[in-house]
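[1] sequence plus the predicted model coming up.
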Amino acid sequence: MASVYTVGQVNTYIKQMFSQDFALSNISVKGEISNCKYHSSGHIYFTLKDKTGVISAVMFKGNRGGLGFQLEEGQNVVVSGYINVYEQSGKYQLYAREITLEGSGLLYQRFEQLKKELEEMGLFDSMYKKPIPKYALRIGICTAKTGAAIQDIMNITKRRNPYVQLYLYSSLVQGAEAAEDIVNGIRYLDSLNLDVMIVGRGGGSIEDLWAFNEKIVAKAIFDCHTPVISAVGHEVDTTIADFVADMRAPTPSAAAELAVFDYHEFSVKISQYYQLLFSEMKKSLDKNREHIKYYETKLNVYHPRNQLQNKKQYMDELYTRLDETLKNRLKDRKHSLAIYAEKLNGLSPLNRISRGFAYVTDKAGNPINTAAQVKEEDKISLIVKDGQIKAVVRDVVKGGYDGK
């Protein structure tokens, strides 16, 4: 009777057979990722499949260094490792040591690795970005002379500004020698002392655009003294050149829009600025004229000639006022004098003498006002209207005069 084995013994035996097989101990298998699961333990479980079959696979946490990207459903990969049996389930599976993307996926992995490397070197840093001149007149273009990109750029330039000069370096934009030719074109155009440079091509697959993902192209753009606009592919396409360039345009047509200023719009703005400048100058001149007129008036007011004229006029006014005041006061004084003269005339002895009275004095000329001032035989004088009478007192009668 044949020997009877346990399930565990059979699985162990098969596992030993797999382990002793040299081909299975170091194998690379390509296929599409399916049923991918990241376990909390750090292990990754997935299925590798193609049109003919499937195989279970696992990458243990300790081997995660062999995976340089996020493993996702549908990716075409190459898994390197060994095949052995998982005894508990009795199934064989692929134990992955390293996983790389296949075809375009591999290019994408190289793209990410180079992007990370150049970013760490500082080639993407904004501090190195040169400003794109607003009014460029000399524009260099590094692209294929037969492609749609150069035609788009030329058409847009002609429409926006026919006075802009374009300098084309016809370079390869696809293939093994394209990267080196692009570098030569960048360096040549940079030597022409241009205002700005457009580097790019039309759309295509990642393989078609790969020349713009090469490190030498990135370094050439970074070292370029002329500001560079990267215009590679369509809007959804992104290359290393886009990150290094001073500005990224989604398409070559957009690059032309960014590099070439609109002459018509520029002319309109110049006209507007001219009108604004003329208006502001007129306002300023009018304001300054008002200031000059003000200062001229002020200068005339304080001019010595005007000051003298004002003082002379003021003196004339004072003289007139003084003359009128003197005349008025003299008139008042004459009037008062007339009154006083009339009063004095009423009291004057001569006035009374003219009416029949006499002015009596002694021989010394002193006036005699009372009888007591004379005695008999005193000589007296009587002054009348038309002369003087000398007399001798014959008698002195004292007492009031009664007219008899």
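    Perfect, I can see it now.
[2] next structured bit after the least confident helix or strand in the chain by mean pLDDT?
    Of all helical and strand segments in the chain, the minimum by mean pLDDT, DSSP states H and E falls on helix 349-353, at a mean of 65. Per DSSP states H and E, the first helix or strand lying C-terminal to helix 349-353 is strand 359-362.
[3] which strands or helices does that next one pack on?
    helix 349-353, strand 379-384 (3 or more CB pairs under 8 Å, 6 or more residues apart in numbering; DSSP states H and E). Just so you know, the C-beta spots here come from the backbone N, C-alpha and C atoms, and that holds for glycine as well.
[4] the last one - contacts with which helices or strands?
    Using 3+ CB pairs under 8 Å, 6+ apart as the contact criterion, the secondary-structure elements in contact with strand 379-384 are strand 359-362, strand 387-392.
[5] now, of the ones you listed, which is deepest in the fold?
    With neighbours defined as mean count of other CB atoms under 10 Å, those peak in mean count at strand 359-362, which reaches a mean of 15.
[6] from the chain's centre, how far out does it sit?
    Centre-to-centre, strand 359-362 and its host chain are 118 Å apart (CA atoms, centre = their mean, to the nearest Å).
[7] and stretch 212-228, by the same measure?
    Distance, centroid of stretch 212-228 to centroid of chain: 33 Å (CA atoms, centre = their mean).
[8] buried stuff in it?
    212-214, 217-222, 224, 226-228 (16 or more other CB atoms under 10 Å).
[9] pull up the distance across that stretch, start to finish.
    With CA to CA, to the nearest Å as the measure, stretch 212-228 spans 13 Å from end to end.
[10] could you give the average pLDDT over the helix or strand Thr325 falls within?
    Using DSSP H and E, Thr325 maps to helix 304-347. The average pLDDT for helix 304-347 rounds to 84.
[11] now swap in stretch 227-234 and tell me
    93.
[12] regarding Ser205, what is its secondary structure?
    Counting by DSSP: H, G, I helix; E, B strand; the rest coil, the backbone at Ser205 sits in coil.
[13] okay, and for this protein, where does confidence drop off?
    Low-confidence segments of the chain (pLDDT under 70): 1-2, 103-106, 346-356, 400-404.
[14] please enumerate the helices of it.
    7-20, 22-25, 104-121, 148-160, 178-190, 215-223, 240-244, 252-259, 263-302, 304-347, 349-353 (DSSP state H).
[15] need those helices in a markdown table (columns: distance to Gly66).
    Putting those into a markdown table (distance: least, CB to CB, whole Å) gives the following:
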| stretch | distance to Gly66 |
| --- | --- |
| helix 7-20 | 20 |
| helix 22-25 | 16 |
| helix 104-121 | 12 |
| helix 148-160 | 40 |
| helix 178-190 | 29 |
| helix 215-223 | 23 |
| helix 240-244 | 24 |
| helix 252-259 | 40 |
| helix 263-302 | 56 |
| helix 304-347 | 103 |
| helix 349-353 | 159 |
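[16] so which of the ones you listed comes closest to Glu207?
    Ranking those by proximity to Glu207 (CB to CB) places helix 104-121 first, at 6.7 Å.
[17] what residues sit buried inside the closest one?
    In helix 104-121, counting by 16+ other CB under 10 Å, buried: 105, 107, 109-111, 115, 118.
[18] equivalent analysis for stretch 228-237, please.
    So stretch 228-237, judged by 16+ other CB under 10 Å, has buried residues 228-233, 237.
[19] Thr100: which of the residues you listed is nearest?
    Asp237 (22.9 Å).
[20] which ones are touching that closest one?
    203, 209 (CB atoms under 8 Å, 6 or more residues apart in numbering).
[21] and it, how close does it get to Asn155?
    According to CB to CB, to the nearest Å, Asp237 and Asn155 sit 21 Å apart.
[22] ok, now Gln9?
    79 Å.
[23] same deal with Gln20?
    Distance from Gln20 to Asn155, by CB to CB: 69 Å.
[24] then Tyr38?
    Taking CB to CB, one finds Tyr38 at 51 Å from Asn155.
[25] check contacts around Lys398.
    371-372.
[26] before we move on, what about Lys129?
    Contacts of Lys129 by CB under 8 Å, 6+ apart are 246-247.
[27] when you give positions from now on, start the count at 52
    Sure, I'll start numbering at 52, so the last one becomes Lys180.
[28] look up phi and psi at it.
    Lys180 adopts backbone torsions of phi -70, psi 130, taken as degrees, to the nearest 10.
[29] between the helix holding Thr376 and helix 314-353, how big is the angle?
    Put simply, helix 355-398 runs at 30 degrees to helix 314-353, going by axes from the mean of the first three to the mean of the last three CA atoms, to 10 degrees.
[30] for helix 355-398, packing partners?
    Using 3+ CB pairs under 8 Å, 6+ apart, helix 355-398 sits against no helix or strand.
[31] quick one, phi/psi of Asn417?
    Dihedral angles of Asn417 (phi, psi; degrees, to the nearest 10) stand at phi -80, psi 140.
[32] what about it, how many neighbours?
    10 (other CB atoms under 10 Å).
[33] so how far is stretch 410-427 off the chain centroid?
    120 Å.
[34] list the buried residues in it.
    Buried residues in stretch 410-427 (16+ other CB under 10 Å): 411, 419.
[35] only the C-alpha atoms, please, for that stretch, written as CSV.
    Extracted C-alpha coordinates of stretch 410-427, given in CSV (Å, rounded to 0.1, in the frame of the first residue of the first chain):
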residue,chain,number,x,y,z
TYR,A,410,-14.3,208.2,31.0
VAL,A,411,-12.8,210.0,34.0
THR,A,412,-9.2,209.7,35.2
ASP,A,413,-7.0,211.5,37.6
LYS,A,414,-4.0,213.4,36.6
ALA,A,415,-1.9,210.2,36.7
GLY,A,416,-4.3,208.5,34.3
ASN,A,417,-5.9,206.2,36.9
PRO,A,418,-9.7,205.7,36.5
ILE,A,419,-12.0,207.4,38.9
ASN,A,420,-14.9,205.3,39.8
THR,A,421,-16.1,206.9,43.1
ALA,A,422,-16.4,210.4,44.6
ALA,A,423,-14.2,209.4,47.4
GLN,A,424,-11.2,209.2,45.0
VAL,A,425,-11.2,213.0,44.5
LYS,A,426,-11.4,216.2,46.4
GLU,A,427,-11.8,219.8,45.6
